[in-house]
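>>> pasting the sequence and the predicted coordinates here, then a few questions.
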Amino acid sequence: MPVAIVTDSTASLPVEVAAERGIVVVPLQVVIGAEVLDEGPDGATPELVAAALREWKPVSTSRPSPAALLEVYERAARDGATEIVSVHLSGEMSGTFESAQLAARDASVRVLPVDTRQVGFATGFAALAASDVVAAGGSAEDAAVAARLRAEASSSLFYVDTLEYLRRGGRIGAAAALLGGALAVKPLLQIEDGRVASLERVRTSARALGRLEELAVQRAGDVPVDVCVAHLANPDRAGQLAERLGERLEPNLEGREVWCGELGAVLGAHVGPGMIAVCVAPRA
């Protein structure tokens, strides 16, 4: 393992996929009341976060410390890594990338931190791109470039029932939340230059999901892509959207399936129950 790939839990990689690729996943934390839990199946889960939000319990999130990331890097070095590519969610949204930069300075091996300026599966697809390069014999520099390029090419689109959770977490302005509530609109959002940005406003949930479908097909164009539909406490609608996208994008998928699953607990804490996201990630 001369080059190791590290990412964080917001990348939402299935446990079996990360294990198969040898990607090390560092958890972020979710704070529910006074309880601090690592994001993951044995700690903070999407179901736990959705239930806490519905009960209006205080929910916040926390990045991994530089010391925690340094421990991960040193463990990889002891396992034989001579270089590490550390791929993380947008530095505009979390301090995780900053923690990676600080830890890299003290690591005993060379670490290349990558700010994907994305969230969720777009970060996951970037980590997978880096893993593919390393598996093919590429260098750490090549892997870092591949991660950045795939993240730049990816589209992260999402629908939320309310902007209130994003407003509370400081991810979107209070004025936008007020406007959404006053007009009873259903906001469509996207990640733009590393931040949450308004995309469209529609009147109904059905219309919002229809627009997500159309926008995902437009972003895919005529190139090979990977597609993921993620949700928080909205499995039926997410599954229906994934099925429709699988049918419409069958030529782009080239035999692969549209991934469909729950959004991670950390991201879920900021968007709230009912949220549905679509990530369209062109392949190299």
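All right, it came through fine.
>>> for the stretch 151-284 of the chain, just list every one of the strands.
155-159, 186-192, 195-202, 225-231, 259-262, 276-282 (DSSP state E, counting those that start in this stretch).
>>> which of those strands sits closest to L89?
Comparing those against L89 with C-beta to C-beta, the closest turns out to be strand 186-192 (9.6 Å). C-beta: built from backbone N, CA, C; applies to glycine.
>>> buried residues in the closest one?
Judged by neighbour count using 16 or more other C-beta atoms under 10 Å, the buried positions of strand 186-192 are 186-191.
>>> can you redo those as TSV with pLDDT?
Shown next, in TSV, are these (pLDDT from 0 to 100):
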residue	pLDDT
K186	77
P187	81
L188	89
L189	91
Q190	94
I191	95
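>>> redo those residues as TSV? Include distance to A136.
Shown next, in TSV, are the buried residues of strand 186-192 (distance: C-beta to C-beta, whole Å):
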residue	distance to A136
K186	43
P187	40
L188	37
L189	35
Q190	31
I191	28
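>>> just to revisit the earlier point, looking at the strands of the stretch 151-284 of the chain, which is nearest to A51?
strand 259-262 (13.0 Å).
>>> show residues contacting the closest one.
12, 14, 46-47, 121, 226-232, 235, 238-239, 242, 268 (C-beta atoms under 8 Å, 6 or more residues apart in numbering).
>>> run the chain-centre distance for it.
Relative to the chain's own centre, strand 259-262 is displaced by 12 Å; criterion: C-alpha atoms, centre = their mean, to the nearest Å.
>>> out of the strands of the stretch 151-284 of the chain, which comes closest to S99?
So among the strands of the stretch 151-284 of the chain, strand 195-202 is nearest, using C-beta to C-beta, at 19.2 Å.
>>> what lines up beside the closest one in the sheet?
Sheet pairing here is set by DSSP bridges, and for strand 195-202 it gives strand 186-192 (antiparallel).
>>> so where's the stretch 151-284 of the chain shaky on pLDDT?
Counting by pLDDT under 70, the ranges of the stretch 151-284 of the chain that qualify are 169-184.
>>> check contacts around the nearest residue to S205 once chain neighbours are set aside.
In this structure, S205 finds its nearest non-sequential neighbour in K186, 5.7 Å apart by C-beta to C-beta, 6 or more residues apart in numbering. By C-beta under 8 Å, 6+ apart, the contact set of K186 is 159-161, 201-205, 207-208.
>>> are any of those residues buried, and which?
The buried subset of the contacts of K186 - by 16+ other C-beta under 10 Å - is 159-161, 202, 208.
>>> between those residues, which is closest to P64?
Out of the buried ones among the contacts of K186, the member with the shortest distance to P64 (by C-beta to C-beta) is V160, at 25.7 Å.
>>> against I84, how distant is that closest one?
35 Å (C-beta to C-beta, to the nearest Å).
>>> now V134
Distance, V134 to I84, by C-beta to C-beta: 11 Å.
>>> these two: who's more crowded?
Comparing V134 with I84 by other C-beta atoms under 10 Å, the one with more neighbours is I84, at 27 against 23.
>>> could you count how many residues lie near A127?
A total of 31 residues lie near A127 under the criterion other C-beta under 10 Å.
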